[in-house]
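>>> sequence and predicted model, in that order:
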Amino acid sequence: MGAKKARVIARLDVKDENLVKGIQLEGLRKLGPPNDFARKYYASGIDEILYIDIVASLYNRNNLSYIVRKTCEEIFIPVTVGGGLRSVEDVRHILSMGADKAAINTAAIRRPELISEVAEAFGSQCMVLSVQAKKSRTQSGRWEAYFDNGREHSGYDVVEWVKRAEALGAGEILLTSVDSEGLQRGADLPLIEAVCSAVRIPVIYCGGIGKPADAVLAVKAGAAAVASASVFHYGKYTPSDIKQALTGAGTGVRQTW
Amino acid sequence: MVTAVVDYGLSNLLSVTSAIRYLGSDAVIVSSPDDLSAADRIVLPGVGAFGDGMRGLKQSGFDSAIRREVSKGTPLLGICLGMQMLFDESDEFGTHEGLGLIHGVVRKIPSEDIDGIPQYVPNIGWSGLIPSSGSDFRDTFLGNISSGDECYFVHSYEVIPSDESSRVADIIYGGRRICAAVCSGNVMGTQFHPEKSGQVGLNILKSFLA
């Protein structure tokens, strides 16, 4: 009851009105209405829902208002929304739709002060820094922060960037491994270790979790939460499978839902 | 049966309103204090800083309207900051007076755990509720949940009730007990968000609405 409980999060990437899934953030497949999936995961004990509008930053808008609002009318757990949020006003809007937290990547890379502005306006707990980490081609043990769905590189070293973001007021890090994403071949454990030892704020890890044992390793490496997409969307495992594995490995998780 | 959700300008009202409606009960978002008298129950939500919240309540006249309805016996549920504002005062960014409906103060969660090791504040995430006295929640407003059931918390400050009997539930954070739910007569409060705590939270709201 005392120790922090590891959270299991369902990540739903949305394009227009559809849940989609890519591999390494490319090659999208349409899977259906996101709310149907969110309801199913809620019934299976998911701890949080993460919606990302994956084309928003390309078009400078976030289209998730309606989907988020509908989710909050039937699902009663925390909801994080990301994709194309560029200002305090954008965050205010998505929170007024029932979201609890805003995940920001591109706009924070372009203007890091936005992290402080959002944290001051709504509290650090609302400000999730989303980081798309890709292994450096030139230096081993280093990662670079990407944006626009892994298309553009910022030149920022991931470890330096998350430290800076924490100092600016970020309340959480959503760490996506671009190299592992969608492949279901396990998490990038050195990346998790590097980021988790650099910051004190919780790190949500996303990318490559193909089976419950991968989630266990990610949490052992320091992640406060794991976010999965493919394994849930294709019905390979349920959130409850992941939680059972975590419990079996001695990690506390939310048990009642 | 109508529940008024108090709109004083700074909260996410949609989630709690949706949860009440999902449970088959009527909920209205009320932005004028005069409309409170028609309500059978009142929910005071809240996210943000204590001073801003109290300023919002005072400027809109909700502070006296809430006290008036409570004195008439209308059940009141404060959530998160809404629970903290039920107390006498808080020292979040300066000293601010609260509604004084439950006696006690609001203080920052210590930045070190019981062993002196730095701990992360705010407390964000799921924590199991423990009865403040006795071994279960029988005869409290949490009567339809069990000891250990988890709820969702997001807070940097904690309430310290001066009367132990108003303390209903606690959580353990950094090895210390933090007050998670309070009740004094028809005034109730939860530090956690029942509207974000899955079925456990819905069960708690259901008993408040019953």
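Arrived safely. Residues are numbered from 1 along each chain as shown, chains lettered A, B, ... in the order given.
>>> can we go C-alpha only for contacts and neighbour counts from here?
Fine.
>>> how about the helices of the stretch 101-250 of chain A, start to end?
Secondary structure of the stretch 101-250 of chain A by DSSP state H, counting those that start in this stretch: the helices cover A:106-110, A:113-122, A:158-168, A:189-196, A:212-220, A:230-233, A:239-248.
>>> out of those, which is closest to chain B?
Chain B lies closest, by C-alpha to the nearest C-alpha, to one member of the helices of the stretch 101-250 of chain A: helix A:113-122, at 6.4 Å.
>>> picking up where we left off before, reformat the helices of the stretch 101-250 of chain A as JSON lines; add mean pLDDT.
Putting these into JSON lines (pLDDT from 0 to 100) gives the following:
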{"stretch": "helix A:106-110", "mean pLDDT": "95"}
{"stretch": "helix A:113-122", "mean pLDDT": "93"}
{"stretch": "helix A:158-168", "mean pLDDT": "98"}
{"stretch": "helix A:189-196", "mean pLDDT": "98"}
{"stretch": "helix A:212-220", "mean pLDDT": "97"}
{"stretch": "helix A:230-233", "mean pLDDT": "91"}
{"stretch": "helix A:239-248", "mean pLDDT": "96"}
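>>> any chance of these in TSV, plus mean neighbour count and distance to A:Leu129?
Formatted as TSV, those follow (neighbours: other C-alpha atoms under 10 Å in any protein chain shown; distance: least, C-alpha to C-alpha, whole Å):
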stretch	mean neighbour count	distance to A:Leu129
helix A:106-110	20	8
helix A:113-122	20	8
helix A:158-168	20	7
helix A:189-196	20	12
helix A:212-220	21	19
helix A:230-233	21	22
helix A:239-248	19	24
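>>> so which of the ones you listed comes closest to A:Glu152?
Nearest to A:Glu152 among the helices of the stretch 101-250 of chain A is helix A:106-110 (9.4 Å), distances taken as C-alpha to C-alpha.
>>> ok, residues contacting stretch A:129-143?
Outside of stretch A:129-143, the residues within contact range by C-alpha atoms under 8 Å, 6 or more residues apart in numbering or on different chains are A:103-105, A:108, A:115, A:144-147, A:149-150, A:157-159, A:162, A:165, A:170-179, A:190-191.
>>> so B:Gly56 sits in a helix?
Yes - membership of B:Gly56 in a helix is supported by DSSP: H, G, I helix; E, B strand; the rest coil.
>>> burial of it, as a residue count?
As a burial measure, B:Gly56 scores 17 neighbours (other C-alpha atoms under 10 Å in any protein chain shown).
>>> who's in contact with it?
Contacts for B:Gly56 (C-alpha under 8 Å, 6+ apart) come out as B:Tyr8, B:Gly9, B:Leu10.
>>> residues near the last one, how many?
Burial measure for B:Leu10: 16 neighbouring residues, criterion other C-alpha under 10 Å.
>>> kindly report the same for the first one.
Around B:Tyr8 sit 26 other residues, with neighbours defined as other C-alpha under 10 Å.
>>> show me what the strand or helix carrying B:Ala181 is packed up against.
Using DSSP states H and E, B:Ala181 maps to strand B:176-184. With contacts defined as 3 or more C-alpha pairs under 8 Å, 6 or more residues apart in numbering or on different chains; DSSP states H and E, the packing partners of strand B:176-184 are strand B:157-161, strand B:167-173, strand B:187-190.
>>> closest one to A:Ser96 among those?
Nearest to A:Ser96, of all those, is strand B:187-190, at 21.3 Å by C-alpha to C-alpha.
>>> give the pairing partners of that closest one; include direction for each.
strand B:76-79 (parallel), strand B:176-184 (antiparallel) (DSSP bridges).
>>> for stretch A:33-49, which residues meet the burial criterion?
When neighbours are counted by 16 or more other C-alpha atoms under 10 Å in any protein chain shown, the buried residues of stretch A:33-49 are found to be A:Pro34, A:Asn35, A:Phe37, A:Ala38, A:Lys40, A:Tyr41, A:Tyr42, A:Gly45, A:Ile46, A:Asp47, A:Glu48, A:Ile49.
>>> between those, which is nearest A:Arg86?
Minimum separation from A:Arg86 among the buried residues of stretch A:33-49 (C-alpha to C-alpha) is found for A:Ile49, which lies at 20.8 Å.
>>> quick one: average pLDDT of the helix or strand encompassing that closest one?
Under the criterion of DSSP H and E, A:Ile49 resides in strand A:48-53. Model confidence over strand A:48-53, given as mean pLDDT, is 95.
>>> pull the residues that contact it.
When contacts are defined by C-alpha under 8 Å, 6+ apart, strand A:48-53 is touched by residues A:7-15, A:38, A:62-64, A:77-84.
>>> ok, then the element right after the lowest-mean-pLDDT helix or strand in chain A?
Lowest mean confidence among the helices and strands of chain A (mean pLDDT, DSSP states H and E): helix A:56-59, at a mean of 63. Once the chain leaves helix A:56-59, the next helix or strand it forms, by DSSP H and E, is helix A:65-74.
>>> residues contacting the residue nearest in space to the middle of chain A?
The geometric centre of chain A, computed from its C-alpha atoms, lies nearest to A:Leu174 (C-alpha atoms, centre = their mean), at 4.4 Å. By C-alpha under 8 Å, 6+ apart, the residues touching A:Leu174 are A:Ala103, A:Val128, A:Leu129, A:Ser130, A:Val131, A:Val203, A:Ile204, A:Tyr205, A:Cys206.
>>> could you redo the last one with a cut-off of 10 Å?
A:103-105, A:128-132, A:202-206, A:223, A:225-227 (C-alpha atoms under 10 Å, 6 or more residues apart in numbering or on different chains).
>>> considering the buried residues of stretch A:33-49, which is situated nearest to B:Ile20?
Using C-alpha to C-alpha, the buried residues of stretch A:33-49 come closest to B:Ile20 at A:Tyr42, 17.9 Å.
>>> give me the phi and psi angles of B:Asp63.
The phi and psi values for B:Asp63, taken as degrees, to the nearest 10, are phi -60, psi -50.
>>> show me what contacts residue 202?
Going with chain A. Residues touching A:Pro202, when contacts are defined by C-alpha under 10 Å, 6+ apart, comprise A:128, A:170-174, A:196, A:222-225, B:120, B:124.
>>> oops, I was thinking of chain B
With C-alpha under 10 Å, 6+ apart, B:Leu202 has these contacts: A:Phe76, B:Val16, B:Ala19, B:Ile20, B:Tyr22, B:Leu23, B:Pro194, B:Glu195, B:Lys196, B:Phe208.
>>> can I have the buried ones of those residues as a PyMOL selection?
Buried members of these, identified by 16+ other C-alpha under 10 Å, are gathered into one PyMOL selection as follows:
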select buried, (chain A and resi 76) or (chain B and resi 16+19+20+22+194+195+196+208)
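>>> what is the burial count for residue 31?
Picking chain A for this. The number of residues packed near A:Leu31 is 14, by other C-alpha under 10 Å.
>>> wrong one, I was asking about chain B
Using other C-alpha under 10 Å, B:Ser31 is surrounded by 16 other residues.
>>> among the contacts of B:Leu202, which are located in helices?
The helices in this structure, assigned by DSSP state H, contain B:Val16, B:Ala19, B:Ile20, B:Tyr22, B:Phe208 from the contacts of B:Leu202.
>>> most neighbours among the contacts of A:Pro202, which one?
A:Val128 (31 neighbours).
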